[in-house]
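In: output the structure for:
(chains A and B)
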Amino acid sequence: MSEEANAERGPWALALRRFLRNRLAVAFLGVFILIVVFVLAAPLWADHVAHTGPNQSHTVDTVTVDGEKKDVVTPEGKPIGPQWFGAGGEFFLGADSRLGRDEMVRLMYGGRTSLLVGITAAVIATLLAVVLGLVAGYFGGWADSVIARTLDTIWSLPVFLIGLSVGIALAVGGLKLGPFELSSGSLWNPILIISIFTVPYIARPIRGEVLSFSKKEFVEAAIAQGAGPVRVMFTEILPNLASTIIVFFTLMIANSMLFEAGLSFLGAGVQPPNSSWGTMITVGVELLKIQPLLAIAPGFMIMLTVLALNIVGDALRDALDPRGKARMDAALQFEAQTGTVGAEGGPVLP
Amino acid sequence: MTRFIVRRLAGMIAVLFAVSVIVFVVFMVLPKQNPAQSLAGKNATPLLVKNIEAEWGFDDSLPQQYLTMMKKVFTGELLQYEPRIPVDDKIVEGIPATFSLTIGAAVIWLFFGLLLGYLSAVRAGGWLDRFLTGLSIAGISIPVFLLAPVLLYFLTYKFEIFPNGQYVPFSEDPGEWLNHLILPWFTLAVLSIGFYSRVLRSNMLDVMNEDYVRTARAKGLSERQVMTRHVLRNSLIPVITLFGLDFGATIAGTAIITETLYDIDGVGLYAAEAVTKFELPPIMGVALYGAFFVVLLNTIVDVVYAYLDPRVRLGETTSQ
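Out: Numbering: from 1, shown residues only, chains lettered A, B, ... in the order given. The predicted model follows:
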């Protein structure tokens, strides 16, 4: 490809080319898309293959496997193991517990919750971080001190431990803040906890970037033309933050999902009747000895999703910032802190 | 140096104050439910709820309530109500197990993380480097709640090599103490081994391009001397900072999950069991005491680090 042809393409097209050249990342993007399709297909599988819902118990039912009737839950309380297609797809991964719920159906619906919480929390954290970073970096002065100090304080908290206490407090008593009310079982509880405690990880790098952009000529030019602060921040500076935001957003989904899984595993995240991969592991470890898949399958799904997002996020960073100057620093900083997000928190690959 | 320490201590106190306010607001102010009801637990009698209301002074103004809470925390009068036991007694009971777990894991992850990172950097680009890189990426990606069930199923239930978690005090039987902790240590360490080896490798590759390394080679030092004395030593500084942060985070994070999975009778399991029983006082206690410990630890690491590296003292913070 000649220099000229390169110049004709926009930076985004070039970044896309660089990303597509990374075979591993493209493959894992495919994996992530498959996972999304998998969880979106939950109702189809539930209605047409498994003929049951995620919370429907089958304690006293039987299932016909290869023409032979079997108890879903034995009189001793042992749930049926994986049947694969032996029962036409019913109890593909077996039943989950004494309640005899279909593990495969639960895995698909649980994945919906995990992804939903992870993505929503990442969206909220990113939006908050962008606004805070823009205001702090652009205005400087006391606005910057207040925001930067607050972010620093959250940054140095043992985030997982505090998140755990907030999670359980909300799970017991719900939330009442002026006109806002959340019931104790609401999915918004884990979402808000995760997004608020993860804001600094995006806001700090964004603030730094805004700080350096706001001294650039194009910003001075806009101000000279009479643009107000809001216009400068959102139409001049914001577009330049796009690559940072995209990269951190991808990594943030992975981190939020791990955070959620940790909270839910301990019982302070997603509450019944909702279930997520994290809560499924809690149910599964009880029966680890006889039905290991019940704990390992949801754990494996979490790992696969997080791995895919981390590899894609890392490749995006390579593609969008080819000079790679800030790369290692950002990765290191982020990772040192993902350690704080409950350390099982998936670091980004350096 | 004194100025630096004073500044760090002030920062530490600010963070601890923030933690206590968060805990207060979250447990006492935000919930829709009467906080006395939440503190009493799920099956509390109305009488107990009444007593708790009086004891905690929920009719007082909010600042007064905050002071009451802090007084309870500092005088060890924070109680769990079913059965009625001071929370700090239970926490102190759990500390040996938690420390055995986390310190052991930290030793393992430092040793293997640095060893693998060093080998990887010395053989950068070779097959060993590629193999170790793959290994560490795999390690980084495995969450504790996948690794522990897999290890437990295969090594404990299927092949019966290791015992089923749990904790045997060192004073009772050092051999069993070790035997019971091997799997949990490994589980807790794998992620950090992968991560530290990546960090050390990339630090060493950066340092190898420095002028003083060329000088060392030029004056005729052997390759090994160059690597250990000049490259490795200078690459370790960022790792130390990271270690301070990670160790605290592990105690206040992953260790809770690991203790739960392996049924290790530590502070984390105490908190986790309180969560499943919806008992709030133990969680308040663990959050406050735990945060105190973690923040203190981070401050100590910062100060030690500043002592080792004068640039930090003169500049701003280590985490920037």
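
In: burial check on the closest residue to B:Asp59 other than its chain neighbours, number of neighbours?
Out: By the measure of CB to CB, 6 or more residues apart in numbering or on different chains, the closest residue to B:Asp59 outside its immediate chain neighbours is B:Glu53, 7.7 Å from it. For the C-beta atoms, the positions are set from N, CA and C on the backbone; glycine is no exception. B:Glu53 has 17 neighbouring residues, counting by other CB atoms under 10 Å in any protein chain shown.

In: if I look at B:Glu53, how far off is chain A?
Out: B:Glu53 sits at a distance of 15 Å from chain A (criterion: CB to the nearest CB, to the nearest Å).

In: quick one: residues contacting that residue.
Out: Listed by CB atoms under 8 Å, 6 or more residues apart in numbering or on different chains, the contact partners of B:Glu53 are B:34, B:36, B:59.

In: what helix or strand does A:Glu181 sit in?
Out: In the assignment (DSSP states H and E), A:Glu181 maps to strand A:180-182.

In: give the pairing partners of that strand; include direction for each.
Out: For strand A:180-182, the paired strands and their directions (DSSP bridges) are strand A:175-177 (antiparallel).

In: buried ones in the partner strand?
Out: A:Leu175 (16 or more other CB atoms under 10 Å in any protein chain shown).

In: how about the helices of the stretch 251-350 of chain A, start to end?
Out: With helices called from DSSP state H, counting those that start in this stretch, the stretch 251-350 of chain A shows them at A:277-285, A:293-320, A:327-338.

In: in JSON lines: the ones you listed, plus mean pLDDT, mean neighbour count and distance to A:Ser243.
Out: Formatted as JSON lines, those follow (pLDDT from 0 to 100; neighbours: other CB atoms under 10 Å in any protein chain shown; distance: least, CB to CB, whole Å):
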{"stretch": "helix A:277-285", "mean pLDDT": "94", "mean neighbour count": "26", "distance to A:Ser243": "30"}
{"stretch": "helix A:293-320", "mean pLDDT": "92", "mean neighbour count": "24", "distance to A:Ser243": "4"}
{"stretch": "helix A:327-338", "mean pLDDT": "44", "mean neighbour count": "20", "distance to A:Ser243": "11"}
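
In: out of the ones you listed, flag the one nearest B:Leu151.
Out: helix A:293-320 (10.8 Å; CB to CB).

In: what packs against the closest one?
Out: Judged by 3 or more CB pairs under 8 Å, 6 or more residues apart in numbering or on different chains; DSSP states H and E, helix A:293-320 is in contact with helix A:11-21, helix A:23-40, helix A:103-139, helix A:242-266, helix A:277-285, helix A:327-338, helix B:127-141, helix B:144-151.

In: and of these, who's closest to A:Ser212?
Out: The closest of these to A:Ser212 is helix A:103-139. By CB to CB, the value is 8.4 Å.

In: counting contacts, what elements does that closest one pack onto?
Out: If you count contacts as 3+ CB pairs under 8 Å, 6+ apart, helix A:103-139 packs onto helix A:23-40, helix A:42-44, helix A:141-156, helix A:188-213, helix A:242-266, helix A:277-285, helix A:293-320.

In: ok so, going back, please, which helix or strand holds the residue nearest to B:Asp59?
Out: Going by DSSP H and E, B:Glu53 is part of helix B:46-56.

In: mind saving the C-alpha coords of that helix as PDB?
Out: Output of helix B:46-56 as PDB, limited to C-alpha atoms (Å, rounded to 0.1, in the frame of the first residue of the first chain):
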ATOM      1  CA  PRO B  46     -39.400  -7.100  67.500                       C
ATOM      2  CA  LEU B  47     -37.900  -6.700  71.000                       C
ATOM      3  CA  LEU B  48     -34.300  -7.100  69.500                       C
ATOM      4  CA  VAL B  49     -35.100  -4.500  66.900                       C
ATOM      5  CA  LYS B  50     -36.300  -2.100  69.600                       C
ATOM      6  CA  ASN B  51     -33.200  -2.700  71.600                       C
ATOM      7  CA  ILE B  52     -31.000  -2.100  68.600                       C
ATOM      8  CA  GLU B  53     -32.800   1.100  67.800                       C
ATOM      9  CA  ALA B  54     -32.200   2.400  71.300                       C
ATOM     10  CA  GLU B  55     -28.600   1.200  71.300                       C
ATOM     11  CA  TRP B  56     -27.700   2.800  68.000                       C
END
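
In: just how off-centre is that helix within its chain?
Out: 35 Å (CA atoms, centre = their mean, to the nearest Å).

In: lowest-scoring secondary structure element of the chain by mean pLDDT?
Out: All of this is about chain A. Lowest on mean pLDDT, DSSP states H and E among the helices and strands of chain A sits helix A:327-338, with a mean of 44.

In: next one: B:Gln64 from A:Leu177, what distance?
Out: Counting by CB to CB, to the nearest Å, the separation of B:Gln64 from A:Leu177 is 21 Å.

In: same question, B:Leu200
Out: Taking CB to CB, one finds B:Leu200 at 45 Å from A:Leu177.

In: same question for B:Ile182.
Out: In this view, B:Ile182 and A:Leu177 are 47 Å apart by CB to CB.

In: quick check: phi and psi at B:Trp83.
Out: Wrong residue type there; residue B:83 is Pro, not Trp. Dihedral pair for B:Pro83: phi -80, psi 170, per degrees, to the nearest 10.

In: for B:Arg84, same thing?
Out: According to degrees, to the nearest 10, the main-chain angles of B:Arg84 amount to phi -80, psi 100.
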